[in-house]
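Participant: Provided below are the primary sequence and the corresponding predicted coordinates.
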Amino acid sequence: MATVIDLAPSILSANFAQLGADAKAALDGGGTVLHLDVMDGHFVPNLTIGPPVFASLRKTIPDVTFDCHLMIENADEFIPAFAEAGANWISVHQEACVHLDRTLHLIESHGCKPGVVINPATPVHMLDDVLEIVHHVLVMSVNPGFGAQHFIPNSLKKVETLARIRESRGLEFRIEIDGGVALDTVGDIVRAGAEILVAGNAVFAHGDIRENASKLLQAARSAAAVKAAPRLRRTATAPRSSKSDLHRRRT
Ligand code: DX5
Ligand code: ZN
């Protein structure tokens, strides 16, 4: 089955004086999920938005999936308020949750899809025991806190590892990536196996928001199509190569 690619514009890089209009432009350009970064100034060195901003945006944009990325220490205290304000997906950091399993179930009990996030220095195996209960795993490809940082290439290995684990354990979680997603990185990111692509700077910071979103989504979908193509050809037609075939190809 073809991979479904979602572009999740991150409003962190939008103009907050015209948040609704900027968010709508990114969705018009092809954004399929709206990514909302919540920071507390403790877990990460920055402050952003809380439930009232979610609720206002929800009135302006009633239908699209709100992907709430909590970069806060006391997630359990705020999950009910974010759910009430219109979040559909809520993800929490493995590093910030002492009782991660409980927190993920709490998210679900409020009618939202639970996601778990890992920072660049956290290995994938820290998630072994929650992969069965999450809707998505978010791999941070920058250290969280700010937009417009450089993509950390090691994140690609983590995405590949997650895709392999998902396959071998027959699980269904989706793989999301956040940080430094742009035209020059998105091909490798999609080829590694990421399906939900968070992008702030590349969508909102310069030029036309609609056009930026559209080009990024197009680049991602082209990479996904190329990734799928050899698999289709192999299964549809290719006979097994003889030794001499292989030799001819190598020379
Ligand atoms: C960073 C946030 C990101 C941020 C990504 O802590 O979680 O969602 O907006 O920004 P870009 O796409 O600019 O790297
Ligand atoms: Zn984020």
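Facilitator: Nice, I can see it. Ligands and ions are numbered 1, 2, ... in the order given.
Participant: Which parts of the stretch 101-250 of the chain are helices?
Facilitator: Counting by DSSP state H, counting those that start in this stretch, the stretch 101-250 of the chain has helices at residues 155-169, 186-192, 201-204, 209-236, 243-250.
Participant: Identify, out of these, the most deeply packed stretch.
Facilitator: Stretch with highest mean neighbour count among the helices of the stretch 101-250 of the chain: helix 201-204 (a mean of 26; mean count of other C-beta atoms under 10 Å). For every residue, glycine as well, the C-beta is placed using N, CA and C.
Participant: Give the burial count for the residue of the stretch 151-251 of the chain found nearest ligand 2, as a bare number.
Facilitator: As assessed by C-beta to the ion, ligand 2 sits closest to residue 178 within the stretch 151-251 of the chain, at 4.4 Å. For residue 178, the neighbour count with other C-beta atoms under 10 Å is 27.
Participant: for residue 96, same thing?
Facilitator: So residue 96, with other C-beta under 10 Å, has 20 neighbours.
Participant: Kindly present the helices of the stretch 101-250 of the chain as TSV, with separate columns for distance to ligand 1 and mean pLDDT.
Facilitator: Output for those, formatted as TSV (distance: least, C-beta to the nearest ligand atom, whole Å; pLDDT from 0 to 100):
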stretch	distance to ligand 1	mean pLDDT
helix 155-169	12	98
helix 186-192	11	98
helix 201-204	3	98
helix 209-236	10	86
helix 243-250	40	34
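Participant: could you redo those as a markdown table and give each row distance to residue 9?
Facilitator: Output for those, formatted as a markdown table (distance: least, C-beta to C-beta, whole Å):
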| stretch | distance to residue 9 |
| --- | --- |
| helix 155-169 | 19 |
| helix 186-192 | 13 |
| helix 201-204 | 5 |
| helix 209-236 | 6 |
| helix 243-250 | 42 |
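Participant: want to throw the ones you listed into CSV with distance to ligand 2?
Facilitator: Formatted as CSV, the helices of the stretch 101-250 of the chain follow (distance: least, C-beta to the ion, whole Å):
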stretch, distance to ligand 2
helix 155-169, 13
helix 186-192, 15
helix 201-204, 12
helix 209-236, 16
helix 243-250, 43
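Participant: circling back to that earlier point, isn't the residue of the stretch 151-251 of the chain closest to ligand 2 right up against residue 137?
Facilitator: No: in this structure residue 178 lies outside contact range of residue 137 using C-beta atoms under 8 Å: 11.0 Å.
Participant: okay, and the common contacts of the two?
Facilitator: Residues touching both residue 178 and residue 137 by C-beta atoms under 8 Å, 6 or more residues apart in numbering: residue 117.
Participant: re the thing from before, nearest to residue 45 among the helices of the stretch 101-250 of the chain would be which one?
Facilitator: When these are compared by C-beta to C-beta, helix 201-204 sits nearest residue 45, at 17.8 Å.
Participant: Give the other helices and strands that the closest one contacts.
Facilitator: helix 19-28, helix 209-236 (3 or more C-beta pairs under 8 Å, 6 or more residues apart in numbering; DSSP states H and E).
Participant: Contacts only, for the residue most central in space within the chain.
Facilitator: Geometric centre of the chain, nearest residue: residue 176, 2.7 Å, by C-alpha atoms, centre = their mean. By C-beta under 8 Å, 6+ apart, the residues touching residue 176 are 8, 67, 91, 115, 136-139, 194-198.
Participant: Spell out which parts of the stretch 51-200 of the chain neighbour ligand 1.
Facilitator: Contact residues (C-beta under 6 Å from any ligand atom) of the stretch 51-200 of the chain with ligand 1: 69, 142, 144-145, 147-149, 178-181, 198-200.
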